[in-house]
Structures are given as C-alpha cells and as structure tokens.
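Novice: fold the following for me, if possible:
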Amino acid sequence: MGRDKALLPWQGKTFLGAAIDSLAPYTELVIVVGGRNSESLKSIVYAAGAYLVVNPYPEKGQFSSLQIGLNEVLNHGRDAAIITLVDRPPAQPQTVEALRDRFLEVCQPSRWAVVPEFNGNHGHPIVIGREMIEAFLKAPASTTAREVMHSLQPMIDYFPVNDAAVTANINTPEEYEQFKH
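Specialist: Numbers count the residues shown, from 1 in each chain. Model prediction:
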C-alpha cells in the first residue's frame, strides 16, 4: 500500500479506530500492539480508551506481536481475548457480538476458539480462551498463528457469518477502493 494500513481512512475514522470501536462494546478492554508505528497510533488508541503495547522487535513478525498482546491479556487478569487485525476493515458489530456469544456458548472444555467463516473462508476477529492463548504463547517465535490453529483444528468452532469484512484482505490501493464502495 505504501503507507501504514492501520491509519487508512475508514468510515470517518481509520482502520485502527474502527477496529477499536468494533471491539470495545464486547470486551472489558482493548489492547493494541504497535511496532515502529506506535508513536503514530498513540492518539487514536488513547482517545478510544484502549491500551497500547509496543513490540520492541516488530521485525520478528506478526506472530511476535500476537504473543506480546496475549501476554498483556494475561497480565490484565483475563482468560479470553477477541483478536483482530488492524490493517483491514473491521467486522460488523453484530458479527463481533455473535462471535463472542458463540464463544460463551461452546467454549471450554470442548472448544478453545471461535473463528468466523464467510463463503468457506476463515477470517477475523477470532475469539480464544485460555487454552488457545497458552498454545500461542508456547509456540516457537518462528511459527505462525495459522500453523498453531491448524494443529488444533478439533478445538476450534468455525462459525458461519454473513459479513464479508471478516475475510477482507486489502493489500493494494485498488482493493482498498473496491472494498470502500
């Protein structure tokens, strides 16, 4: 894209601001993990009442940021998390609510996570419990979230939703323009 996707304008906000707003009504706290872009994220994060944690080694990749965020979840005394990416459009509020409600219904001990599914594709946000948090934290830094979740598929509830945003992945200006309309 040539610029920080978290800061792309989205419905009067930014992807980051919209992501925080999409999660805030359904969580007790929102934690944002930043890297080199942390300074430019501060005003958005703090204005929304969220927490900002800095990944001191963002070159280690997205999985290292996930692990830092999940450690922060545990440090705040929580046993579950709703995880989303801030470089794409947020899911609709009713989708986030449905995912949270589904998690509360089916998780522990039979399922460790709920993952939205749209048109046969898995997406975000995901809702995970303590067991999945531990699996992510115990995984080697060289792995990916996808690999960890793939190894634990029987513990995941794939939940169909009617929200194209859960699988949207915007990597080019053309994709951004197309999804905006």
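Novice: any idea how far residue 47 is from the spatially most central residue of the chain?
Specialist: By CA atoms, centre = their mean, the mean C-alpha position of the chain lies nearest to residue 84, the distance being 1.2 Å. From residue 84 across to residue 47, the span is 18 Å (CB to CB, to the nearest Å). All C-beta spots, glycine's among them, are computed from the backbone N, C-alpha and C.
Novice: quick revisit: what residues are up against the residue nearest to the centre of the chain?
Specialist: Contacts here follow CB atoms under 8 Å, 6 or more residues apart in numbering; on that basis residue 84 touches 19, 22, 23, 90, 91, 124, 125, 126.
Novice: what pairs with the closest residue to residue 122 other than its chain neighbours across the strands?
Specialist: Nearest residue to residue 122, sequence neighbours excluded (CB to CB, 6 or more residues apart in numbering): residue 115, at 5.1 Å. Residue 115 forms beta bridges with residue 158, as assigned by DSSP bridges.
Novice: mind starting the numbering at 31 from now?
Specialist: Yep, numbering from 31; the last one is residue 145 now.
Novice: and residue 145, what does it touch?
Specialist: Contacts for residue 145 were tallied using CB under 8 Å, 6+ apart; they are 152, 153, 156, 179, 186, 187, 188, 189.
Novice: which parts of the chain are helices?
Specialist: For the chain, helices defined by DSSP state H occupy the ranges 45-53, 68-77, 92-105, 123-136, 160-168, 175-181, 203-210.
Novice: quick one, which of these is packed in tightest?
Specialist: Neighbour counts (mean count of other CB atoms under 10 Å) averaged over each of those peak at helix 45-53, with a mean of 24.
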